[in-house]
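# coords below, sequence missing:
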Ligand SMILES: NC(=O)c1ccc[n+]([C@@H]2O[C@H](COP(=O)([O-])OP(=O)(O)OC[C@H]3O[C@@H](n4cnc5c(N)ncnc54)[C@H](O)[C@@H]3O)[C@@H](O)[C@H]2O)c1
Ligand SMILES: O=C(O)C[C@H](O)C(=O)O
């Protein structure tokens, strides 16, 4: 058997944490032959609840689970992790935007960035807690030992939502939708790019010819889906978010097959789409050998797409400005 992969997870006693842990431990992330270890971080008052989750993990007798650390000490939880998934933080309530969480959740990521820097400089990091792009920026800015290409913020839930909407409209299975890009921020300004997507190998716009549905129903449905789930459920998405986090880590970890791509926010260096350097911006990426996620170049963006792509970058610049007092020296 191969060496275990260690996944550290914050907010482990929360609703997303609960929906993720058992899937990681059962082989649902890295496959049925790959042992795993878990490092679980919670705030001190939630350690009791986390202990209950640990009891349940134990009671599952997962053969692949080769060790669990549960703690309120970030460096202990992150020590030598291969992946750190930062989920811990407040979710928004109905009527709030994700950016409204910035001053409540942002400060969490200064300390966690420093802890990753000290305890897990070789880790790759996925930020889920909202506003995830800017929280990721904050954490990254405090971790000079962790190269920019090892940081990710999650827009995979948006990608999955977009695929589901297109598949439903086209009357095909979700597996028939490929090349689905989410550009920008995990917020209402994101741009789910149906113009570069394929359905059964054909341009999505050849299969779905109802242009007004694409621009006036599809885009806002995907972008505002998180709010719609909160309204319906009374709590923010959890199982679908956990599922997307697993999809995202797997897609970054395993080289991309064929000519497909996936979406995740990565650190922009200004290339190849002119997005301001430093922002954590969601792009189409392909994972290649050597743990690199490369941005897919040369996608056509018409004027409408370009203005949406730029608007989301503008919003991320504003978020960066709003947390400038929380940013560390590593940017
Ligand atoms: N990016 C996305 O697509 C996406 C999707 C869904 C939810 N989210 C976000 O994920 C976050 C978690 O959502 P949830 O539904 O699991 O919330 P939750 O309230 O159920 O759980 C959050 C957990 O985080 C813990 N926590 C708080 N501060 C912490 C810290 N400093 N260190 C470690 N743990 C800490 C809390 O004790 C709690 O157990 C929210 O910010 C939510 O908005 C993002
Ligand atoms: O919308 C939220 O606040 C939760 C999450 O980001 C989502 O997209 O479901």
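All right, it came through fine. Quick caveat, the model's predicted, so the values are computed rather than measured. Ligands and ions are numbered 1, 2, ... in the order given.
# what's the neighbour count on residue 95?
Using other Cβ atoms under 10 Å, residue 95 has 9 other residues around it. Glycine gets a C-beta too; all of them are placed from N, C-alpha and C.
# Please parse the chain into its domains.
Domain assignment for the chain by automatic domain parsing gives 5-153, 156-320.
# Is the residue of the stretch 201-331 of the chain with the smallest separation from ligand 1 in a helix, a strand, or coil?
Nearest to ligand 1, among the residues of the stretch 201-331 of the chain, is residue 241, at 3.3 Å (Cβ to the nearest ligand atom). Secondary structure assignment for residue 241 (DSSP: H, G, I helix; E, B strand; the rest coil): helix.
# thinking again about what came up before, deepest-packed of the domains of the chain, please.
domain 5-153 (a mean of 20; mean count of other Cβ atoms under 10 Å).
# Can you measure across that one, start residue to end residue?
20 Å (Cα to Cα, to the nearest Å).
# Need the mean per-residue confidence for it.
What domain 5-153 shows for mean pLDDT is 98.
# what's near enough to touch the residue of the stretch 1-150 of the chain at minimum distance from ligand 2?
Residue nearest to ligand 2 within the stretch 1-150 of the chain (Cβ to the nearest ligand atom): residue 92, separated by 4.3 Å. Contact analysis of residue 92 by Cβ atoms under 8 Å, 6 or more residues apart in numbering lists 98, 100-101, 130, 230, 236.
# With ligand 1 as the reference, measure out to it.
Relative to ligand 1, residue 92 is positioned 6 Å away (Cβ to the nearest ligand atom, to the nearest Å).
# That residue sits in which helix or strand?
Under the criterion DSSP states H and E, no helix or strand holds residue 92.
# The residue of the stretch 201-331 of the chain closest to ligand 1 is in contact with residue 130, isn't it?
No - counting by Cβ atoms under 8 Å, residue 241 stays clear of residue 130, with 10.0 Å between them.
# Output the contacting helices and strands for the strand or helix carrying residue 57.
In this assignment (DSSP H and E), residue 57 forms part of helix 47-60. Where contact means 3 or more Cβ pairs under 8 Å, 6 or more residues apart in numbering; DSSP states H and E, helix 47-60 is packed against helix 15-25, strand 36-41, strand 65-71.
# do that helix and ligand 1 meet?
No - residues of helix 47-60 contacting ligand 1 under Cβ under 6 Å from any ligand atom: none, with a closest distance of 7.2 Å.
# which outside residues touch that helix?
Contacts of helix 47-60 (Cβ under 8 Å, 6+ apart): 12-13, 17-18, 21-22, 25-26, 38, 40, 42, 65, 68, 70-72.
# can you state the direction angle for that helix and helix 15-25?
Orientation of helix 47-60 against helix 15-25 (axes from the mean of the first three to the mean of the last three Cα atoms, to 10 degrees) gives an angle of 30 degrees.
# which non-adjacent residue is nearest the closest residue to ligand 2 within the chain?
The chain approaches ligand 2 most closely through residue 226 (2.1 Å), counting by Cβ to the nearest ligand atom. Excluding the flanking residues, the one nearest residue 226 by Cβ to Cβ, 6 or more residues apart in numbering is residue 237, at 6.1 Å.
# My understanding was that that neighbour contacts residue 228; is that so?
No - assessed by Cβ under 8 Å, residue 237 is found out of contact with residue 228, at 9.6 Å.
# Spell out which parts of the stretch 51-200 of the chain neighbour ligand 1.
87-92, 105, 108, 128-130, 132, 154, 157, 186.
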